[in-house]
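Enquirer: Quick one: sequence plus predicted model below, questions after.
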Amino acid sequence: MIDKISIMGVSYKVVEVPGGLEPDHLGDISESESTIRIRKGVAPQAQVSTILHEILHACLWSVNLDSSEATVVPLSNVLYSVLLMENPELISQLQTILLGETTHVSKKLPRKRSRKRRRP
Ligand SMILES: [Zn+2]
């Protein structure tokens, strides 16, 4: 489980809680306490989608946009689908681009060399 998430310069503590949430909620976020709470024991997929949902609340607060459930629910569902389900390699591919081609190439070179050495 993730301990902390930085959202536009604010460090949010992430905690799993056995109770204390609204009955039909899998998580919530407190701006004043900088805390994201996730219901303990939920399936990994629900945990991830809930974290993404709560992150979006904080993102929208940070830019003073509508952070109502009417906005956050469909937006987090779409991002969950595009970033994690439809393109499972996308985030790591974007990080590779961000880190630059040098890092990408240097990671691949040793693999090619070791494969050649093992060939009879
Ligand atoms: Zn919400």
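Expert: Alright, I've got the coordinates. Everything numeric here is computed off the predicted structure, so don't read it as measured data.
Enquirer: Residue 2 - how many residues pack around it?
Expert: 12 (other Cβ atoms under 10 Å). (Each C-beta comes from the backbone N, C-alpha and C, glycine too.)
Enquirer: Go ahead and confirm it touches residue 51.
Expert: Yes - with contact defined as Cβ atoms under 8 Å, residue 2 counts as touching residue 51 (7.0 Å).
Enquirer: shared neighbours of the two, anything?
Expert: residue 14 (Cβ atoms under 8 Å, 6 or more residues apart in numbering).
Enquirer: any low-confidence regions in this protein?
Expert: The model of the chain has pLDDT under 70 over residues 101-120.
Enquirer: Quick one: classify the spatially most central residue of the chain as helix, strand or coil.
Expert: Nearest to the geometric centre of the chain sits residue 52, at 5.6 Å (Cα atoms, centre = their mean). At residue 52, secondary structure determined by DSSP: H, G, I helix; E, B strand; the rest coil is helix.
Enquirer: State the distance from it to residue 99.
Expert: Distance of residue 52 to residue 99, computed by Cβ to Cβ, to the nearest Å: 23 Å.
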